[in-house]
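1. No letters, just coordinates:
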């Protein structure tokens, strides 16, 4: 007798693939909306369009998290960190030393997420808590809080 177990597995894999693609698109769109309106509200307003360009939108995260005060210095600082981030992402593809670069990418991402939450809240304790909640909830907390705060001025420098 013919067994249909393989057919179900293939259908499940295809369905899982489409669910994964849908989740990635939702992540991209929500992050782009949050970055775009945060940049329009808090700067760099002239570079808000970068929020809609995949991968390059990390430049805005680095700009939001910069400790510099002058717009030119913020852009320079964000560019330096974006280049470092891109190099680390490429190096993370190398088999033996890649995991070290991947850990560095995670640390940089977590730190700049902390800086963004700090600028939104103005409090260190809340920022740490919000980063932990973002990690635990697989970014759902970031989306909710970001959609609430994206059109408000930063509370801290």
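-> Sure, I can see it. Keep in mind the model is a prediction, meaning the values are calculated, not measured.
2. C-alpha only now, for contacts and for neighbours.
-> Fine.
3. which element is the spatially closest residue to residue 54 that is not a sequence neighbour on?
-> Nearest residue to residue 54 in three dimensions, chain neighbours excluded: residue 28, at 7.6 Å (C-alpha to C-alpha, 6 or more residues apart in numbering). Secondary structure from DSSP states H and E places residue 28 in helix 5-42.
4. Pull out the buried residues from that helix.
-> For helix 5-42, a neighbour-count test (16 or more other C-alpha atoms under 10 Å) marks 28, 30-41 as buried.
5. Between these, which sits nearest residue 132?
-> Checking the buried residues of helix 5-42 against residue 132 by C-alpha to C-alpha gives residue 31 as the nearest, at 17.8 Å.
6. so what's the closest residue to the closest one other than its chain neighbours scoring on pLDDT?
-> Leaving out its chain neighbours, the residue that sits closest to residue 31 by C-alpha to C-alpha, 6+ apart is residue 143, at 7.2 Å. pLDDT, residue 143: 96.
7. pretty sure residue 143 is touching residue 29, no?
-> No. Between residue 143 and residue 29 there is no contact under C-alpha atoms under 8 Å: 10.3 Å.
8. which other helices and strands contact the helix holding residue 28?
-> Counting contacts by 3 or more C-alpha pairs under 8 Å, 6 or more residues apart in numbering; DSSP states H and E, helix 5-42 packs against helix 58-65, helix 140-149.
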